[in-house]
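# Sequence first, predicted model second:
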Amino acid sequence: MCNSVLLYVSNCLLYLGQVAIVNENLFSTFCRYLSGPSQTGTLLGVSVCEFWVLVSSAVIGCGEPEPMLNGGVTFISGSQKQHLSVIQYHCNEPFYSLPEGHNGNFTCSSDGKWKDRLNSSLIPQCIPVCGRPTVNLPGFGRILGGKPAPAGSFPWQVLLIVNGRGGGIVIGDCWIMTAAHVLDQYHWWFLRVYVGHNHVENLIQSPPLEVTSPHIHPEYNNVGDVNYDHDIAMIHLKHPITFNAHIMPLCLPAKDDKYPTGRNGLASGFGLKELDMATNNLMYVPLPVVNQTICRNSIDVVKKEKNLSLTDNIFCAGNSEGGKDSCMGDSGGAYILKEGDYFRAAGIISWGINCGEPGTYGVYTCVANYVDWIKRTKSQKQVRNILTYNYYGCVCVFCCFVHVLWLCAFQQ
């Protein structure tokens, strides 16, 4: 009986590898039986269990691991691509990371697939790291009369060209955030989006990012430049950005996050500096958050003259003595605050009164009030892309089906 069992199993292993895989549980039972205290089954001078491990490793292979976007894979142990071999996926750090709780390890299983510890064959997606530039800011300067930003210190900074300069913020591999008023007066076909450099000349000599659609907040309605409420917009890019030391997304704040008075943040941009001169270098400035009542009082005169609309969707930042401020051409750029090791987009540069004059402050769109809208816009665009793909896919299949029917009818 034992000899016939051994013959059956060895034939399965040597000539019918897939059958052996299907009958693995059955063979394990035989293996336990033959290796028990009553019998010592051997095959080719080794125990049946040892023989099973050796041969199964030879007949079961998982093939080349699936490549990982913005990452790679390393063989950790075992014979490459064979049963029980272990591989580990890794992301291109420090710009991408694995999902929390995933160690990236996959083992070649008996069904010929690479699987993780949860028995899933789906490889994880590398998640972009936000708000952690690889270059530390050496000191604080001023956009108006300030220091140039070191290369890589504001990797989320975007230069927008549309009838003049504007700013923007990278918040995802296919998304730019900016101020609505930067986009609302001109067709987006004329929009040019540049990233990856701190010098304007280098930026405009590089190819602009292709845009598929702008998304201006639906409640933005700035007729006559008197209502900057909901001054926020998003730009969807045709191709995803690959992040590196010079291009990195900025983190979003928590929903309804509050910014305490006096807290110091940073504003950056390619806008005007002293003597109304446009800068060729990215500049940045430290600016404290201003008390909301002081903010409102500072623009009361202008508010009465122009009937400006002020809501809790804005906040002010700046110094009462003046001299430090964002200015024309900076609009759409970020006002950032640091939370632990990460920078977050607290505000979007929106508008102001006479850049840097004493008693006046820059006005910023409060991003925390729009986190839900930002996430909803992203998800709706993703759904529309899927629906569009499925629609054209269905049309393509239908056309092919009709073409086949026509060919069949013609041949008859």
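On my side now, so go ahead.
# residue ranges with poor pLDDT in the stretch 51-200 of the chain?
By pLDDT under 70, the weakly predicted segments of the stretch 51-200 of the chain are 51-60, 138-146.
# can you give me the helices for it?
180-183, 200-205 (DSSP state H, counting those that start in this stretch).
# so residue 190 sits right up against residue 160, yeah?
No. Using CB atoms under 8 Å, residue 190 is not in contact with residue 160; the gap is 10.6 Å. For glycine as for every other residue, the C-beta is placed from the backbone atoms N, C-alpha and C.
# Which one of the two is surrounded by more residues?
residue 160 (25 against 9; other CB atoms under 10 Å).
# okay, and for the stretch 201-350 of the chain, where does confidence drop off?
272-278, 301-309, 320-329.
# so where do the strands sit in it?
Secondary structure of the stretch 201-350 of the chain by DSSP state E, counting those that start in this stretch: the strands cover 211-216, 233-237, 264-269, 283-288, 314-317, 334-339, 342-352.
# okay, these in JSON lines with mean neighbour count next?
As requested, those are exported to JSON lines (neighbours: other CB atoms under 10 Å):
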{"stretch": "strand 211-216", "mean neighbour count": "17"}
{"stretch": "strand 233-237", "mean neighbour count": "23"}
{"stretch": "strand 264-269", "mean neighbour count": "24"}
{"stretch": "strand 283-288", "mean neighbour count": "24"}
{"stretch": "strand 314-317", "mean neighbour count": "25"}
{"stretch": "strand 334-339", "mean neighbour count": "22"}
{"stretch": "strand 342-352", "mean neighbour count": "25"}
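# how about the ones you listed in a markdown table, adding distance to residue 124?
Formatted as a markdown table, the strands of the stretch 201-350 of the chain follow (distance: least, CB to CB, whole Å):
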| stretch | distance to residue 124 |
| --- | --- |
| strand 211-216 | 27 |
| strand 233-237 | 24 |
| strand 264-269 | 33 |
| strand 283-288 | 35 |
| strand 314-317 | 38 |
| strand 334-339 | 25 |
| strand 342-352 | 21 |
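# closest to residue 63 out of the ones you listed?
strand 233-237 (34.0 Å; CB to CB).
# can you list the residues that contact that closest one?
168, 171, 173-180, 182-184, 188, 191, 193, 209-217, 220, 374, 377-378, 381 (CB atoms under 8 Å, 6 or more residues apart in numbering).
# could you flag which of these are buried?
168, 171, 174-180, 182-183, 191, 193, 209, 211, 214-217, 220, 374, 377-378, 381 (16 or more other CB atoms under 10 Å).
# residue contacts, the closest residue in space to residue 214 that isn't next to it in sequence?
Distances taken as CB to CB, 6 or more residues apart in numbering put residue 188 closest to residue 214, at 4.6 Å, once the chain neighbours are dropped. Going by CB under 8 Å, 6+ apart, residue 188 touches 162, 211, 213-214, 235.
# Tell me which two of the residues you listed sit farthest apart.
Of all pairs in the contacts of residue 188, the most separated under CB to CB is 162 and 213 at 14.6 Å.
# mind giving me the domain split of this structure?
The chain breaks down into these domains under automatic domain parsing: 2-59, 71-128, 157-372.
# Counting neighbours, what do you get for residue 253?
22.
# same thing with the one 4 residues further on?
Burial of residue 257, expressed as a neighbour count using other CB under 10 Å, amounts to 16.
# mind checking the SS state of the closest residue to it other than its chain neighbours?
The spatial neighbour of residue 257 that comes closest, neighbours along the chain excluded (CB to CB, 6+ apart), is residue 368 at 3.9 Å. Following DSSP: H, G, I helix; E, B strand; the rest coil, we place residue 368 in the helix state.
# I figured residue 368 was touching residue 255, is that so?
Yes. Counting by CB under 8 Å, residue 368 touches residue 255, with 6.4 Å between them.
# Of these two, which one has the most company?
It is residue 368, of residue 368 and residue 255, that has more neighbours when counted by other CB under 10 Å, with 20 against 12.
# Quick one, grab the pLDDT at that one.
At residue 368, the model reports a pLDDT of 97.
# Identify the residues contacting it.
Per CB under 8 Å, 6+ apart, neighbours of residue 368: 253-258, 346.
# ditto for residue 180
Residue 180 makes contacts with 216-217, 220, 222, 230-233, as judged by CB under 8 Å, 6+ apart.
# now it: how far from residue 347?
14 Å (CB to CB, to the nearest Å).
# distance of residue 262 from residue 237?
From residue 262 to residue 237 the distance is 37 Å (CB to CB).
# do the same with residue 181
Distance from residue 181 to residue 237, by CB to CB: 21 Å.
# Same check on residue 178?
13 Å.
# same check, this time on residue 291
Residue 291 is 38 Å from residue 237, by CB to CB.
# Residue 202 too?
With CB to CB as the criterion, residue 202 and residue 237 are 20 Å apart.
# where exactly do the helices run in the stretch 251-400 of the chain?
Under DSSP H, counting those that start in this stretch, the stretch 251-400 of the chain gives helices at 292-298, 300-306, 371-411.
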